[in-house]
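Asker: my questions are about this predicted structure, shown below with the sequence.
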Amino acid sequence: MALVLMPAVATTYWMHIAIVVLLNITYTVALFSVLRMGYLSLGHAGFIALGAYTCVVLTVRLDISPWWGILGAGVMSGTVAWGLGAMTMRLRGIYFSLAIFAFGEIVVAFFRAFDWFGGPSGIANVPRPVFFGHALNNHFSFYWLVLCMSLFFMALLYRLQYTRYGATLLTLKTEASERLAQSVGIDAARLKTATFALSCAVVGTMGAVHAQYLMFINPQVFTFLTSTDLLIYAMVGGVSHFWGPVLGAGLLTLLGEQLFSAGYWKTLVYALVLMVVILSLPGGLVSLLDRVRDKWFSNLRN
Amino acid sequence: MTAILQIQNVSKQFDGLAALTDVSFEVQQGELLALVGPNGAGKSTLFNAIAGVFAPTKGQILLDGQDITGLPSHALARRGLARTFQMVNLFPELTALENVMQGFHRHMPTELLAGLLQTVSYRKSQSDWNTRAMDVLRILDLQSLASVQAQALPLGQAKLLTVAIAMATQPKLLLLDEPAAGLSHEESSRMMDLVSSRVKTHCTVVLVEHNMRLVGRYCDRAVVLQFGQKIFEGSPLDLVHDSRVVNAYLGTAGMGT
C-alpha cells in the first residue's frame, strides 16, 4: 500500500531511493534461490551487466524497442546462465564461487574491450520504454515500471518456494543430500541448472531496467563489488527465510544511499554490518524477528 | 520365480586393481538377499555398481530384464531401484514427512503452474500425497515422528527414515547399505524385523551386512564375496558350515593359527 501511495507524497530524491531499493531487493531475492541450493554465487553482477548491456546494445545500437530490450536481456542472461550452470554447478563450494566470479569479470572485461559496446566509457542515452504513449521519462513514472516488475518477480520467486519444485531445491543443499536426492530420482543437475538460469534471467531482466533507469551503462556499474553487496544483503537479512534477503537488501540499500556522498563509507559500513551480524546473529536479521515472535507467543501463552 | 536383478559376469577394476572379478548371481522377486564378505571383499564395489555410482568394467546388470548397466542414479530410481546409504543420509532441514515426500519425486508431477497459483486441485493432490507419505512412515513405525525435523531424530529412527524415503519411490528392488551399522543390538534387531516382515512385502530387498547373526536370522539367501569373487551362494543357514566362508572370515589354518 505504502509502495503504491509513495509517488503521491514523495520527493524525486525518495523516488530514486525507492527505485534503487526495489532493484536491489529483486536482485537479492533472485540470488537467494541459488543460495538455497547451497551455492554461493560471487558473480551475479556479471549477469546483471550482461542483461544491462544486452538491452543497451539492442536499443541504442540496433534501435529496437526498449520493451524488447528488457525481454532480450532476460533471455540472454538466462541462456548464458543455463550453459554456464551446466558446466559449473557440478562444482561445489569455493570452486563454484570462483568459477562464477571469473565469469563476472569476463563479462565486464568483454564489454570494455570493444568500442562498439562502448569500451571503457560505456554507452549513454539509453532510451526508456514508452507505456501506451506515456514516456516513462521521470522518476515517478519509471517507478511504476520498476515496482510492477519487482513485485512480479518477487511474487514468482516467493511462490516457487511453496511448490514441489521449491521444496526439492532444498534437497540439493549439500553433496550428501544431493546424492540422496538423485537416488530417489531427482535429476539434480537439470534442476540446479534450471534454477540458476531462472535466477540469472531475473537479474538480467532487472539489469536492463536498471540501465534504462540510469540511462547509461559502463563497465564500472556492475562489478564484483555489486556481487558481494548482494551477498551481504542476503547474509545480513538471513538466508533461512524468503524475507531475510528482502529485509537485508531493503535496509542496507537505504543505509547505503544515505552514505553515498561519502564514497568509501558505504563499503566500510556494509563490511562492518556484515561482520557484526555474522558474529552476533548468524541467522541474520530474520532470526531476530523469529526470536521476538517466539517470545511474544510464549508470553501470550503464559 | 522371476529374477528381479541379474548380475552377469560383472568385473570392476580400479587402476588395474581388480575389485570384482566375474561375479554372477540372480536375485529372485520377493526375496531378502544378503551380500556378505569381509572388509575389502568387493561388497561395496558391487553395491555401487548396481546403484549406478560407477559402471562396471565388464559385465551386465539387469533389473527386471532391462539392462541398467552404467545408468546414473536418478535414472535408476525411475526404473524402480532404490537405495540407502551407509552413513545416515537425510534431508536434515525437512521434517520426516517432507523427507518421505521427496521420495515420491518420480511419481509426483511437478505441476509448476498449478503450484504457483496454489489451485484447489493442487492443494488437494498435495494433501493426498501427505496421506500417502504417512502410510509409508507407518510401515516403519515412524508416524508419530512425522513433523520432527530429520536432523533431530535419534540414529535408530533416522536409519528407519532413510528406508522410508527409499520405500516412497515404490521400488521393485531396494538396496540397503549396512542397515544395522552403528545401531545397538536392540535397534538392529528392530530394523531387521521391520525390513523382513514389512518392507519385504512391498519390494525385493538386497542388503550388505557384516553381522552374521542378523543375516542368519532374517535373510532368505546370502551371497558371499571374497577378494572380489563369489565364494558362496545359498541359504544363510549353510553359510556357517561352508569351509570357504569360514576361512574367509576366520583365516585359514595355514596362516599359523
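Answerer: In hand now; what should we look at?
Asker: going forward, measure contacts between C-alpha atoms and count neighbours the same way
Answerer: OK.
Asker: what residues does chain B put near chain A?
Answerer: B:73-78, B:82-84, B:89-91, B:102-106, B:110, B:112, B:115-117, B:165-166, B:169 (Cα under 8 Å from any Cα of the partner chain).
Asker: of those residues, which belong to strands?
Answerer: B:82, B:83 (DSSP state E).
Asker: out of the residues of chain B next to chain A, which are buried?
Answerer: The neighbour-count test (16 or more other Cα atoms under 10 Å in any protein chain shown) marks B:73-78, B:82-84, B:89-91, B:102-106, B:115-116, B:165-166, B:169 as buried among those.
Asker: among the residues of chain B next to chain A, which are in helices?
Answerer: The helices, defined by DSSP state H, take in B:73-78, B:102-103, B:112, B:115-117, B:165-166 from those.
Asker: residue contacts, the closest residue to chain B within the stretch 201-302 of chain A?
Answerer: Nearest residue of the stretch 201-302 of chain A to chain B, counting by Cα to the nearest Cα: residue A:240, 10.4 Å away. When contacts are counted by Cα atoms under 8 Å, 6 or more residues apart in numbering or on different chains, residue A:240 touches A:283, A:286.
Asker: can you check the pLDDT for it?
Answerer: On pLDDT, residue A:240 comes in at 83.
Asker: which positions in chain A make contact with chain B?
Answerer: So chain A meets chain B at A:156, A:159-160, A:162-165, A:168, A:170-171, A:176-177, A:180-187 (Cα under 8 Å from any Cα).
Asker: now the buried members of these.
Answerer: Here, 16+ other Cα under 10 Å leaves A:160, A:163-165, A:168, A:170-171, A:176-177, A:180-187 buried among the residues of chain A next to chain B.
Asker: contact partners for residue 32?
Answerer: Defaulting to chain A. Residue A:32 makes contact with A:234, A:239, A:242, A:245, according to Cα under 8 Å, 6+ apart.
Asker: um, chain B though
Answerer: Residue B:32 touches B:196, B:200, B:204, B:205, B:206, B:207, B:219, B:220, B:221, counting by Cα under 8 Å, 6+ apart.
Asker: next, the contact list for the closest residue in space to residue A:243 that isn't next to it in sequence, please.
Answerer: In space, and not counting its chain neighbours, residue A:243 is closest to residue A:286: 7.1 Å by Cα to Cα, 6 or more residues apart in numbering or on different chains. By Cα under 8 Å, 6+ apart, residue A:286 lies in contact with A:237, A:238, A:240, A:241, A:243, A:244, A:247.
Asker: would you map the strands across the stretch 101-250 of chain B?
Answerer: Along the stretch 101-250 of chain B, counting by DSSP state E, counting those that start in this stretch, strands occupy B:173-177, B:204-208, B:221-226, B:229-234.
Asker: what's next to the first one, contact-wise?
Answerer: Meaning strand B:173-177. So strand B:173-177 is contacted by B:4-5, B:47, B:51, B:80-86, B:163, B:166-167, B:203-209 (Cα under 8 Å, 6+ apart).
Asker: got the contact list for residue B:44?
Answerer: Residue B:44 neighbours (Cα under 8 Å, 6+ apart): residue B:208.
Asker: separation between it and chain A?
Answerer: For residue B:44, the distance to chain A equals 16 Å [Cα to the nearest Cα, to the nearest Å].
Asker: got the confidence number for whichever residue of chain B sits closest to chain A?
Answerer: Relative to chain A, the nearest point of chain B is residue B:74 (3.9 Å; Cα to the nearest Cα). What the model reports as pLDDT for residue B:74 is 86.
Asker: where does the residue nearest to it when sequence neighbours are not counted land in three-state SS?
Answerer: For residue B:74, ignoring the flanking residues on the chain, the nearest one in space by Cα to Cα, 6+ apart is residue A:185 at 3.9 Å. Under DSSP: H, G, I helix; E, B strand; the rest coil, residue A:185 falls in the coil class.
Asker: list the residues that contact the closest residue to chain B within the stretch 101-250 of chain A.
Answerer: Closest approach between the stretch 101-250 of chain A and chain B, counting by Cα to the nearest Cα: residue A:185, at 3.9 Å. By Cα under 8 Å, 6+ apart, the contact set of residue A:185 is B:73, B:74, B:75, B:76, B:77, B:78, B:103, B:105, B:106.
Asker: before we move on, what about residue A:105?
Answerer: Neighbours of residue A:105 in contact, by Cα under 8 Å, 6+ apart: A:43, A:46, A:223, A:224.
Asker: got any ranges where chain A has weak pLDDT?
Answerer: A:1-2, A:8, A:133, A:260-264, A:301-302 (pLDDT under 70).
Asker: in it, which helix is the longest?
Answerer: Secondary structure of chain A per DSSP H: the longest helix is helix A:188-214.
Asker: my guess is residue B:21 meets residue B:8, correct?
Answerer: No. Applying Cα atoms under 8 Å, one finds residue B:21 not in contact with residue B:8, separated by 10.9 Å.
Asker: more neighbours, these two?
Answerer: residue B:21 (19 against 16; other Cα atoms under 10 Å in any protein chain shown).
Asker: doesn't the more buried one belong to a strand?
Answerer: Yes. Applying three-state DSSP, one finds residue B:21 inside a strand.
Asker: where exactly do the strands run in chain A?
Answerer: Going by DSSP E, chain A shows strands at A:123-124, A:130-131, A:134-135, A:216-217.
Asker: residue B:134 is nearest to which of these?
Answerer: For the strands of chain A, proximity to residue B:134 was assessed by Cα to Cα; strand A:130-131 is nearest, at 52.2 Å.
Asker: for the stretch 1-150 of chain A, which segments are assigned as helices?
Answerer: Remark: helices assigned in the stretch 1-150 of chain A by DSSP state H, counting those that start in this stretch are A:2-9, A:12-35, A:44-56, A:66-88, A:93-113, A:139-161.
Asker: for chain B, same thing?
Answerer: Using DSSP H, helices in chain B cover B:43-50, B:73-78, B:96-103, B:112-117, B:120-139, B:155-168, B:185-197, B:212-218, B:236-239, B:243-250.
Asker: residue B:111 versus residue B:101, what's the distance?
Answerer: According to Cα to Cα, to the nearest Å, residue B:101 stands 15 Å off from residue B:111.
Asker: in the stretch 51-200 of chain B, where is pLDDT below threshold?
Answerer: B:110.
Asker: pLDDT score assigned to residue B:251?
Answerer: Looking at residue B:251, its pLDDT stands at 63.
Asker: point me to the residue of the stretch 1-150 of chain A nearest chain B.
Answerer: residue A:36 (11.7 Å).
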